[in-house]
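Asks: what follows is a predicted structure for the sequence shown.
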Amino acid sequence: MRPVQYNLTGENNIKLLEEGPEGYSGEGYFATTLDKVVGLARKNSIWPLPFATSCCGIEFMATMAANYDMSRFGAERMAFSPRQCDLMMVMGTIAKKMGPIVKQVYLQMAEPRWVLAMGACASSGGIFDTYSVLQGIDQIIPVDVYIPGCPPRPEAVIDGFMRVQDLVGKESLRRRNGERYKELMESYGIQ
Amino acid sequence: MSLTNDYIKSKLTEKFGDQVTNFEEPYHMLSFEAPKDMNLKVMQYLYDEPDLSFRFLTDLCAVHYPDNPGRELAIVYHLHSLVDNFRIRFKVFTDINTPDVFTSANLFSAANWMERETYDFYGVNFVGHPNLKRILNVDEMDYFPMRREFPLEDQTRIDKDDDMFGR
């Protein structure tokens, strides 16, 4: 019995090893829907763009290194080129002066794109309840997953990343063309 | 000859008479005050005088004293004489409604950055500064955040409960 067992009860359908999508299989073939295959491919080859500004970035480096090794989740390639990346990981305090830069990097990413806010500062401003700090990056760009903590432990980062994988895997192929998504983007002033 | 506080004090009073006032020595560091239109004259004298040669401006900042009518803003210069490794502090006070002080950017290059910062946070108008605009805060900020009348907290957010966050 693990001491954190209670964390895993309740609704939690994220598994490291998934059996694969539903479908029909037989001798030498497997048939399923296209969006499930695309989701499977996308979720296991996410290219993260680390936007690390402070101490959460250090914790993220530990997550990338050998002990925790985020490459196991298909996030082998860290890229600092927004146009090739799928997931923007914002880690650390974002000052108001930094806000337009975060937004510009987000705009340069190609669809489909996801955003992960790591730590209290990126999620809500954290302890920096002050005139110069952006009170959560969701004021300027839409965020898919928030990781709490100050800073979060590498396990929490991996958990957050697996939640992103879950979102990516289950996303409908039509979501980004839908009215709701368009409304969301317009609420942030993004065309 | 190494410098002493008393020697600098006597040199200054000899040159400027009763224009330089409020000599203090908190933690053995000489601190004094001059009228705000004298700031360049005093610093130029400290710079040029061979046995003083305070040629390094280590810090420049402002302080807001809201309870000091007519002398709300203090501009504090920290000067360092590299020859004798000696430091002094020099202040000028100004009214917050006319916060015009002569720039020292032509005397000390370091003052260019620090005066912009001081303008950014306290709204001190450094007359003659080559590029007096905001440096650390966002350009669209319309107030001077370190003045005491403005609360520290970000006023745009609504999701923090005042009781829980002590606002």
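Replies: That came through fine. Numbering: from 1, shown residues only, chains lettered A, B, ... in the order given.

Asks: so which residues of chain B form strands?
Replies: With DSSP state E as the criterion, chain B has strands at B:21-24, B:30-34, B:56-64, B:73-81, B:86-94, B:100-102, B:125-127.

Asks: show the average pLDDT along the fourth one.
Replies: Meaning strand B:73-81. The pLDDT scores in strand B:73-81 average 95.

Asks: okay, B:Ile158: pLDDT?
Replies: Taking B:Ile158 on its own, its pLDDT is 68.

Asks: whoops, I mixed them up, A:Ile14
Replies: 55.

Asks: coming back round to it: and the strands of chain B: which comes nearest chain A?
Replies: strand B:56-64 (15.0 Å; CB to the nearest CB). Using the backbone N, CA and C atoms, a C-beta is placed for each residue, glycine as well.

Asks: neighbouring contacts of the closest one?
Replies: B:72-82, B:87, B:96, B:104, B:107-108, B:110-111, B:114-115, B:117-118, B:121-122, B:124, B:146-148 (CB atoms under 8 Å, 6 or more residues apart in numbering or on different chains).

Asks: out of those residues, which are buried?
Replies: Buried residues within the contacts of strand B:56-64, defined by neighbour count using 16 or more other CB atoms under 10 Å in any protein chain shown: B:72-81, B:87, B:96, B:104, B:107-108, B:111, B:114-115, B:117-118, B:121-122, B:124, B:146-147.

Asks: so which of the residues you listed also contact chain A?
Replies: Contacts with chain A are made by none of those, judged by CB under 8 Å from any CB of the partner chain.

Asks: quick one: mean pLDDT for stretch B:111-123?
Replies: Rounded mean pLDDT across stretch B:111-123 is 94.

Asks: identify all contacting residues around it.
Replies: Taking CB under 8 Å, 6+ apart as the rule, stretch B:111-123 contacts B:57, B:59-62, B:64, B:73, B:75, B:99, B:103-105, B:124-126, B:129-137, B:144-147.

Asks: show me what contacts the residue lying closest to B:Pro130 once chain neighbours are set aside?
Replies: In space, and not counting its chain neighbours, B:Pro130 is closest to B:Ala105: 6.4 Å by CB to CB, 6 or more residues apart in numbering or on different chains. Neighbour list for B:Ala105: B:Ala111, B:Asn112, B:Glu115, B:Phe126, B:Gly128, B:His129, B:Pro130 [criterion: CB under 8 Å, 6+ apart].

Asks: in ChimeraX, select just the buried ones from these.
Replies: Filtering the contacts of B:Ala105 down to the buried ones (16+ other CB under 10 Å) takes a single ChimeraX command:
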select /B:111,112,115,126,129
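
Asks: pick the one among the contacts of B:Ala105 closest to A:Ser71.
Replies: Closest approach to A:Ser71 among the contacts of B:Ala105 (CB to CB): B:Asn112, at 47.1 Å.

Asks: look up how far B:Leu52 lies from the residue lying farthest from the centre of chain A.
Replies: For chain A, the largest distance from the centre (CA atoms, centre = their mean) belongs to A:Glu27, which lies 36.8 Å off. Using CB to CB, to the nearest Å, one gets 96 Å for the distance from A:Glu27 to B:Leu52.

Asks: now swap in B:Asn22 and tell me
Replies: Taken as CB to CB, the span from B:Asn22 to B:Leu52 is 19 Å.

Asks: before we move on, what about A:Pro112?
Replies: Distance check for A:Pro112 against B:Leu52: by CB to CB, it reads 67 Å.

Asks: per-residue pLDDT of A:Met162, please?
Replies: So A:Met162 comes in at 91 (pLDDT).

Asks: that one falls within a helix, correct?
Replies: Yes - the assignment for A:Met162 by DSSP: H, G, I helix; E, B strand; the rest coil puts it in a helix.

Asks: and the nearest residue to B:Tyr122 once chain neighbours are set aside, how many residues sit next to it?
Replies: The shortest distance from B:Tyr122 to any non-neighbouring residue, by CB to CB, 6+ apart, is to B:Ala62 (4.0 Å). Neighbours of B:Ala62 under the rule other CB atoms under 10 Å in any protein chain shown: 25.

Asks: give me the pLDDT for B:Ala62.
Replies: For B:Ala62, the predicted pLDDT is 94.

Asks: what does A:Met61 give?
Replies: Predicted confidence (pLDDT) for A:Met61: 92.

Asks: before we move on, what SS does it have?
Replies: Once three-state DSSP is applied, A:Met61 turns out helix.

Asks: chain B contacts on chain A?
Replies: So far as CB under 8 Å from any CB goes, chain A lies against chain B at A:Lys96, A:Lys97, A:Gly99, A:Ser124, A:Gly125, A:Asp129, A:Thr130, A:Tyr131, A:Ser132, A:Val133, A:Gln135.

Asks: any idea how far stretch A:125-142 is from the chain center?
Replies: When distances are taken as CA atoms, centre = their mean, to the nearest Å, stretch A:125-142 is centred 18 Å away from the chain's centroid.

Asks: end to end, how far does that stretch reach?
Replies: In stretch A:125-142, first residue to last residue: 15 Å (CA to CA, to the nearest Å).

Asks: who's in contact with A:Ala62?
Replies: Applying CB under 8 Å, 6+ apart to A:Ala62 gives the contacts A:Tyr68, A:Pro154.

Asks: now do stretch A:165-174: distance to the chain's middle.
Replies: The answer for stretch A:165-174 is 12 Å, by CA atoms, centre = their mean.

Asks: quick one: average pLDDT of that stretch?
Replies: On average, stretch A:165-174 scores 88.

Asks: can you give me the first-to-last residue distance of it?
Replies: 18 Å.

Asks: alright, I will stop here.
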